[in-house]
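Participant: Have a look; sequence and predicted model below, questions after that.
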Amino acid sequence: MAEQSMPLWEVFIRARTGLAHRHVGSVHAADAEMALQAARDTYTRRGEAVSIWVVPSAAIVASDPAEKASLFEPTASKIYRHPSFYEIPEEVGHM
Amino acid sequence: MTTIHIEETPHLCAVLRLADTSLVLAHRLSEWCGHAPMLEEDLALANIALDLLGQARLLYQHAAELEGKGRTEDDFAYLRDAPQFRNYLIAELPRGDFAFTIVRQTLVSAFFHPFWQRAAGSRDATLAAIAAKAEKEVAYHLRHCGAWLVRLGDGTEESHRRTLAALDALWPYTGELFEVDAVGRAMIDAGVLPDPETIRPVFEATVDRLLREATLPKPPATWMHSGGLRGVHTEHLGHMLAVMQHLQRAYPGAVW
């Protein structure tokens, strides 16, 4: 399948109202409308979704894995940023 | 296993026509499984096939109730021969290339979407419930296959040529969808099934819109094939049933 005629799209689905869309995978499709249908047929066969987003994979700007040390390591020593000292009341639900 | 024989009342015959059309078309679509031009479309065609198979199961269960002889959906699917099948001929034609499958599914869906919409008001409550479910499924089939039709017709030179060839080959099979024989007339008069004449303007409008977008010329009015509704089939159905029914005929009652 020629990449220029059937480019890659990233698929995000929302499982339930109130949750955020989550990345679930990708599909090949000629255009946005067909990408949405391919995503529906590929990733929502078992009632997983109430909403779908598709985004051209080429539109995603990604961090460089080689910069992992400078981007992410400085946070390792700052455990005071982790809200793990609080108890979350059950009725709050998803955070 | 020996072939069963059904005493067809008009009501039972009418339900079998719908059930057989759904089953045969589902089987033709299932032949794409593992062979579609791309993985995404492999899943899409299998999804449509499963929708149609689900409709066929409900319709055969209803047929079994109407007959009242304790038969199951499997008896109807596996233990009747080609002349006992009542499906529209368009459903049994071999799957052809991808363009042929898309054109057929678009034409059939363009008819059955408004058909099921109207059948949801049937005086047969079971049929009305099946129609309400089928209408939503076929709306998606029409959307999906219609979108492909536009892209194939208005695509490359090759895709246009193949789609046009499929349209010319399939168009003479659309007349049968509007055929009303004595069984059909009885069901219309009883309020069980919609009159296909009320569907024709919707069908024509859908087809005209899609063909225009697909830059495909509408085939001229022509002689139309007929016969499926009374069991006179193309040579293809027997071959298809040989494959589909082989297991149950060779190993009667086999289960998973």
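Facilitator: Yes, it's here. Since the structure is predicted, the reported quantities are computational estimates derived from the model, not experimental observations.
Participant: in the stretch 51-200 of chain B, what residue is nearest chain A?
Facilitator: Distances between the stretch 51-200 of chain B and chain A by Cβ to the nearest Cβ are smallest at B:His144, namely 5.4 Å. (Glycine included, C-beta is placed from N, CA and C.)
Participant: My read is that that residue contacts B:Ile48, right?
Facilitator: Yes: B:His144 is in contact with B:Ile48 according to Cβ atoms under 8 Å; the separation is 7.4 Å.
Participant: list residues touching both of those two?
Facilitator: Listed as contacting both B:His144 and B:Ile48 by Cβ atoms under 8 Å, 6 or more residues apart in numbering or on different chains is no residue at all.
Participant: Which helix or which strand is home to the residue of the stretch 51-200 of chain B closest to chain A?
Facilitator: helix B:125-153 (DSSP states H and E).
Participant: So what's the gap between the helix or strand following that helix and the chain middle?
Facilitator: The helix or strand immediately downstream of helix B:125-153 is helix B:157-170, counting by DSSP H and E. Here helix B:157-170 shows a centroid-to-chain-centroid distance of 20 Å under the convention Cα atoms, centre = their mean, to the nearest Å.
Participant: swap in stretch A:46-61?
Facilitator: Remark: stretch A:46-61 is offset 7 Å from the chain centroid, using Cα atoms, centre = their mean.
Participant: Next, the distance between the ends of it.
Facilitator: Start-to-end span of stretch A:46-61 (Cα to Cα, to the nearest Å) is 31 Å.
Participant: repeat for stretch B:88-103
Facilitator: Terminal residues of stretch B:88-103 are spaced 16 Å apart (Cα to Cα).
Participant: For the residue of the stretch 51-200 of chain B closest to chain A, give me the pLDDT.
Facilitator: At B:His144, the model reports a pLDDT of 98.
Participant: what's the helix or strand for the nearest residue to it once chain neighbours are set aside?
Facilitator: Take B:His144 and drop its neighbours on the chain: the residue closest to it by Cβ to Cβ, 6 or more residues apart in numbering or on different chains is A:Gln37, 5.4 Å away. Element membership for A:Gln37, per DSSP H and E: helix A:32-43.
Participant: If you compare the directions of whichever helix or strand comes after that helix and helix A:32-43, what angle comes out?
Facilitator: Counting by DSSP H and E, the element after helix A:32-43 in chain order, helix or strand, is strand A:51-56. Inter-element angle recorded for strand A:51-56 and helix A:32-43: 120 degrees (by axes from the mean of the first three to the mean of the last three Cα atoms, to 10 degrees).
Participant: Contact partners for the residue nearest to the spatial centre of chain A?
Facilitator: For chain A, the residue sitting closest to the mean C-alpha position, by Cα atoms, centre = their mean, is A:His23 at 2.5 Å. Shown in contact with A:His23 (Cβ under 8 Å, 6+ apart): A:Glu10, A:Val11, A:Phe12.
Participant: So which of the residues you listed sit within strands?
Facilitator: Secondary structure from DSSP state E places A:Glu10, A:Val11, A:Phe12 of these in strands.
Participant: Out of those, which is nearest to chain B?
Facilitator: A:Val11 (10.6 Å).
Participant: Just give me the neighbour total for the nearest residue to the closest one once chain neighbours are set aside.
Facilitator: Spatially, and ignoring its direct neighbours in sequence, A:Val11 is nearest to A:Ala39 (4.3 Å; Cβ to Cβ, 6+ apart). Around A:Ala39 sit 25 other residues, with neighbours defined as other Cβ atoms under 10 Å in any protein chain shown.
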